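Chemist: sharing a model prediction with you, sequence too.
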Amino acid sequence: MSVIDEVLEANEIYARTHELRRLTPRPARKLAVLTCMDTRLSIRTLGLTTGDAHIIRNAGGIVTDDSLRSLLISHYLLETEEIMVINHTDCGLMHTSEEDLRTRIQKPYKERSFGAVCTKDRANRKSLSWWHSWK
């Protein structure tokens, strides 16, 4: 059985009781978090529970056009009031470069930017730059 099959089976079991049905799409704590897709980061590490916040993830926790779209919908449609961008120690994107990624990745994606960064500070500056360019 593949991991996907296991996840689908678990979801079928969960759907029988659907204990989170009481939650709404609006975060209880009116918070949106943009963070890395790193497996070590979770709502538990942030002191949150399911339904407290929108958690938006991508490689590096970087503000991109797509994550900005999600943050704007979170704020203007689903009433979040605070936005938090979290970068973390030992991010996989800190161990590579744009050039290395382009070498590894074949067309049609080779020409795009992957947001490789060497430090958390640089990632934060890039995210703030994208955010302020929208305002």
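Modeler: On my side now, so go ahead.

Chemist: low-confidence ranges in the protein?
Modeler: Across the chain, the ranges flagged by pLDDT under 70 are 107-128, 130-135.

Chemist: skipping its backbone neighbours, what lies nearest the residue nearest the centre of the chain in space?
Modeler: Residue closest to the average C-alpha location in the chain (C-alpha atoms, centre = their mean): Arg57, at 0.9 Å. Counting by C-beta to C-beta, 6 or more residues apart in numbering, Arg57 lies nearest to Met37, which is 4.4 Å off, once chain neighbours are set aside. Any C-beta I mention is one placed from the backbone N, CA and C, and that applies to glycine too.

Chemist: for the chain, what spans make up the helices?
Modeler: Assigned by DSSP state H, the helices in the chain fall at 3-15, 65-76, 98-104, 120-134.

Chemist: okay, those helices in CSV with mean neighbour count next?
Modeler: Below are the helices of the chain laid out as CSV (neighbours: other C-beta atoms under 10 Å):
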stretch, mean neighbour count
helix 3-15, 9
helix 65-76, 15
helix 98-104, 13
helix 120-134, 14
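
Chemist: can you lay out these as JSON lines showing distance to Gly47?
Modeler: Below are those laid out as JSON lines (distance: least, C-beta to C-beta, whole Å):
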{"stretch": "helix 3-15", "distance to Gly47": "24"}
{"stretch": "helix 65-76", "distance to Gly47": "19"}
{"stretch": "helix 98-104", "distance to Gly47": "33"}
{"stretch": "helix 120-134", "distance to Gly47": "20"}
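
Chemist: wait, which of those is closest to Thr24?
Modeler: In terms of C-beta to C-beta, the element of the helices of the chain nearest to Thr24 is helix 65-76, at 13.0 Å.

Chemist: which other helices and strands does the closest one contact?
Modeler: If you count contacts as 3 or more C-beta pairs under 8 Å, 6 or more residues apart in numbering; DSSP states H and E, helix 65-76 packs onto strand 31-36, strand 53-58, strand 82-86, helix 120-134.
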